[in-house]
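[1] Here is my input, please return the structure:
(chains A and B)
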Amino acid sequence: MAEYVLYISLFIIWFMLFYHMFLMEGGFFFSLRFKRTYDNYKREGSTFPSVTILIPAHNEEMVIENTIKSLIKLHYPKKKLEIIVINDHSTDGTGVIADLYASKYPYIKVIHNYSPDGGKGKSGALNIGFAHSSGEIIVVYDADNRPEPDSVKNLVLPLEMDEKAGAAVGKFRVINANKNVLTRFINIETITFQWLAQAGRWFWFKLATIPGTNFSIRRSVLEKLGGWDENALSEDTELSIRVYNLGYRIHFFPAAITWEQEPETWRVWWKQRTRWASGNMYVISKYLLHFRRLKTKKVFIDLFYFLSTYLFFFAGILISHSIFLLNLFFDLNIDPGIVSYVLLIIGFLLFVTEILLALSMEKKQLNVFNGFAVIMMYFVYSQLWLLLILYSSFAEMKRMLLKRERKWYKTERYREVS
Amino acid sequence: MKLKGKMVVLFPLLFILFTLQSIYVNGETNEVTPRVLVVYSSNGGEIDEHQRMLDMLIGHFTEKITFKKVSEVEKKDFDQLDYLFYYGQQRELLTEHFVDLIASYDGPFVAIGHNANQLGDHFNFFEQISDEGTIRQINIPEQIEKTLSFEPQSIIPIKVVDDETKILLMGKNNRQNYPLFLKHKKHFYFASNKVMPPFSIPLAEMLHEVFVINDEKHHQQVGYIRLEDIHPLVNPEDLMAIGQLLAEKNFPYLMAVIPVYINPETKEEHHFSDSPELLKTLKYMQNHGGSIVLHGYTHQFRLSETGEGFEFWDVENNTPIYHGPDEKIEVKTLNDFNSEEDYRNYENTLKAYEKQYIEDRLTKGIQELANYGMYPLAFEAPHYTMSQHGYEVTSQFFSTYVGQLQLSDTNWKVMESAPYISTPSFLNGMTLLPETIGYINPEEGMTIDQMMEEAKKYEFVRDGMIAAFYHPYLGVELFEKLIEQLEKLEHVSWIDLKQTDSQVQAEHVEINARRGKMVVDMNQIGLFQSSGDYFQYHFHQKITIILWGMAGIGAIGVLMFIVFLIVNRIIQYREKRGETIG
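    Coordinates of the predicted model:
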């Protein structure tokens, strides 16, 4: 019996590994092709449609100033630009700082939201901002972001050139990558995520997931969708699915670059990630249980992927781990032979080579230091992910059973040392 | 008048019709399987090993053999009878009824041993001359080269008193000749009340004269070599070396396979699925001249070692398997019961137990081997021991039996071999491929020379069997020597079971050998339902392949990513150089 269970978990794990392999391959091909695509788009030129940048901000006094400063430096005709900071129930100086800049720059607006019932959390803030916006294209940045000057131009470009694209997603980089082991891990993780999951899915399926920041979306699309789902903790994933469902692509365009801060302590990391996990579980349950409502069946690829990651793959690894542990103490009569060790080694090598390949696509990221970090990640970071999903599954289940309201946990910020 | 006239015409017509029909039917049965009645006088009127030995001898020519003690013979036994045998194993005063019955019989008639003088006028062409004679040698007067020597044996000394009598066999002592087998028209007499070896061999040859067999088929000596006790712990290398040697020589052979090895100490079971290498070897052998013979399921009953123990005979009690291995056993006799009916009921429950036991093991054995893709074509009981009832049960599964036969239900040690292929009536339709010349035993001294000496005896019979077996653990060198000796017997045609008409059937499995091929009809799903182990084997096989496939794809992925990585480095290096130069 234990044997069959082990094989099933092995198959699930390897199904996912092969899928990742396939995506990484797509990511690599995309990276080879991207420079030419970008050059073509640039040559054809932009007509500079009007853009509204939304920045939801809740107690962001530590970072908001730098963000606004970067936005001012954007290479985009200021006549066509509207920047809206949504000061969402801040109890610190966020509103003051924003107002200061709004008074200096006519294209910067601040909306102070202190209404007791309206706009709780990021989705609510975005919906309020959207209601006050006028741009044909909406761009969203988190309050801790520092977009590069060309980023907005590059987020608009794919929407102009690719009429099937309802939204475009840029690339983000980690400001504090070298701060400590954790930020180094997160840096490697984000680079891999973008080249494997985002670029890979875009290359094969013309799909990418909106990451919550550094993306553009057509006003028309947002209007059709009626804005953001205020129940969704991961409003980005949720929005992505609805955009696909309208029949639009989400264009991955890594020339649009923003820099952002990542958690520097494990505690903050844990809180942020459990929010993401619960959020994604919400999305899975929302759409998978009502899959008939989905018009674009391509979304299934993604929903299935989410489901696999959060349920099957996770279960597979959990089972194989527990069988491994049990086998140390009891004779479960399992002898899959030498092939199981070969699979173990190859699985590890796949993990390492995939990540190294992703790192090699970024400048100066493929180095010995990161090489060691990758190996460490396999044994530490990846295993923590298991606990994380286990924890958030219980949390989400408890919440659903008790019908509790969601609480939005805002990721803590750190003052930059420049 | 008119009616009578019609009747007169009708009667002869009907008569002709009937006789034609019976001639036609008779003609057919005569050619294929003649009907034989054996009337015997034995100790207490019981059938024992002596009658069964005779059964084996006659069984070479027909399977329609009926045994009756003198007091039980009826008139209808003579209907459509082709051959009558009288076997006077014991002296007995024959009943008048029987003597009357045979008075009008005019077909071929063979008398053996005692009481021939009571068989009316049939056997008055010889006279007994004294109470006892002893011979050390037998020969065929017309074929000087055929002689058979042995330890002194007693016979019935006779002299011929009729000129038309032919002496077909002559027994010899130092100075004296004794006619041993006589032919007088359709009457034959064998002057010994024993048909056991060494008499079985000359009598086997003589029966060809009785059944007037002269076709070529019956002039060809046959034989086989059998690799014995192949169980899951046998060393595949030893076996492969032998298999390859035989394949090179194009020498067909049998493999006695035991599906399960049970360690007597740990009780641990080993199956062939635990040794993929051995399975591969056995399949290679099956495809290169080897035919599989099921040699029991575990080759043990109580906790003895596989290959050592008896599986279908309770040796401790010297009874068939009537109880579980750990049950306390009381052997009861008729005296322990109030009535004969109670005793019969008791016997029936024992037999039912034995039947179930044998059926279980044969079914498992056939199914397990077939599930591996190894298709047994015959059966050989461990140590050749099995009850008469056991043979009956086995005949429901197998059409071919290999080895020697246990001839007594009260003592396993009473076993014999036929000198040629036979279908004795007690095998219930199974064909016996007898083993005749033994095996090499380095410890107790049976050597190749001794085996070849044995083989010579069977050359006395025109289509005698020369069959040996060999334990593969003795190694390929010794085996090669044996095979070289056997190959010198150029007149022997070596049996390929796949060329015979063997059939094997168990639940969900049917195997038919025909013209060198095996036709297998298996209900895989049914098989999987009867035991999870069968499915598990296939599952493991497939899964191992799939897992390796996965590892292979993964490895390709790893290599691919390394190549991509190098490509990226080269691109970046060029760009960097472009920047600095440009």
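[2] Walking through the stretch 251-400 of chain B, point out its strands one by one.
    Applying DSSP state E, counting those that start in this stretch to the stretch 251-400 of chain B gives strands spanning B:253-257, B:260-262, B:269-271, B:290-294, B:376-379, B:400-403.
[3] center of chain A - which residue?
    Chain A has residue A:211 as the residue nearest its centroid, 3.4 Å off, counting by Cα atoms, centre = their mean.
[4] Spit out the contact partners of the nearest residue to that residue once chain neighbours are set aside.
    Once flanking residues are discounted, residue A:211 sits nearest to residue A:236: 5.8 Å by Cβ to Cβ, 6 or more residues apart in numbering or on different chains. C-beta: built from backbone N, CA, C; applies to glycine. Residue A:236 sits next to A:209, A:210, A:211, A:212, A:215 when contact means Cβ atoms under 8 Å, 6 or more residues apart in numbering or on different chains.
[5] Which of these fall within strands?
    Under the assignment DSSP state E, these contribute residue A:215 to strands.
[6] of all the contacts of residue A:236, which comes closest to residue A:340?
    Closest approach to residue A:340 among the contacts of residue A:236 (Cβ to Cβ): residue A:209, at 33.7 Å.
[7] That closest one contacts residue A:237, doesn't it?
    Yes - Residue A:209 is in contact with residue A:237 according to Cβ atoms under 8 Å; the separation is 5.9 Å.
[8] Who has more neighbours out of the two?
    For residue A:209 versus residue A:237, neighbours defined as other Cβ atoms under 10 Å in any protein chain shown are more numerous around residue A:209 (25 against 22).
[9] number of nearby residues for the nearest residue to the more buried one once chain neighbours are set aside?
    Nearest non-adjacent residue to residue A:209, counting by Cβ to Cβ, 6+ apart: residue A:240, 4.7 Å away. Residue A:240: 24 surrounding residues under other Cβ under 10 Å.
[10] How about residue A:293?
    For residue A:293, using other Cβ under 10 Å, the count is 9.
[11] any idea how far residue A:63 is from residue A:263?
    Residue A:63 is 13 Å from residue A:263, where distance means Cβ to Cβ, to the nearest Å.
[12] Also residue B:87?
    Taking Cβ to Cβ as the measure, residue B:87 falls 102 Å from residue A:263.
[13] Also residue A:257?
    Residue A:257 is 20 Å from residue A:263, where distance means Cβ to Cβ.
[14] and the longest strand for the chain?
    No chain specified, so I'll use chain A. strand A:249-260.
[15] nope, chain B please
    Determined from DSSP E, the single longest strand within chain B is strand B:143-155.
[16] in that one, what's buried?
    For strand B:143-155, burial by neighbour count (16 or more other Cβ atoms under 10 Å in any protein chain shown) applies to B:146, B:148, B:153, B:155.
[17] which one of these sits closest to chain A?
    Set against chain A, the nearest of the buried residues of strand B:143-155 by Cβ to the nearest Cβ is residue B:148 (57.9 Å).
[18] which residue sits closest to that closest one, ignoring its sequence neighbours?
    Distances taken as Cβ to Cβ, 6+ apart place residue B:138 nearest to residue B:148, at 4.8 Å, with adjacent residues excluded.
[19] Doesn't the one you found lie inside a helix?
    No - counting by DSSP: H, G, I helix; E, B strand; the rest coil, residue B:138 falls outside a helix, being strand.
[20] Distance-wise, check it relative to chain A.
    Counting by Cβ to the nearest Cβ, to the nearest Å, the gap from residue B:138 to chain A is 62 Å.
[21] show me what contacts that residue?
    Contact partners of residue B:138, counting by Cβ under 8 Å, 6+ apart, are B:147, B:148, B:169, B:170, B:171, B:172, B:180, B:198, B:202.
[22] Mind giving me the PyMOL command for buried ones among the residues you listed?
    Buried members of the contacts of residue B:138, defined by 16+ other Cβ under 10 Å, are picked up in PyMOL with:
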select buried, chain B and resi 148+169+170+171+172+180+198+202
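[23] Could you tell me which of the contacts of residue B:138 belong to strands?
    Counting by DSSP E, the contacts of residue B:138 place B:147, B:148, B:169, B:170, B:171, B:172, B:180 in strands.
[24] Once you drop chain neighbours, what's closest to the third one?
    Pointing back at residue B:169 there. Excluding the flanking residues, the one nearest residue B:169 by Cβ to Cβ, 6+ apart is residue B:181, at 3.6 Å.
[25] just the fifth one next, same as before
    Distances taken as Cβ to Cβ, 6+ apart place residue B:135 nearest to residue B:171, at 3.6 Å, with adjacent residues excluded.
[26] and if you look at the first one?
    Residue nearest to residue B:147 in three dimensions, not counting chain neighbours: residue B:139, with 4.2 Å by Cβ to Cβ, 6+ apart.
[27] Tell me, what's the model's pLDDT at residue 326?
    Using chain A here. What the model reports for residue A:326 is a pLDDT of 77.
[28] wrong one, chain B
    Reading off the model, residue B:326 has pLDDT 81.
[29] which residues does it contact?
    Contacts of residue B:326 (Cβ under 8 Å, 6+ apart): none.
[30] Tell me the bridge partners for residue B:470.
    residue B:227 (DSSP bridges).
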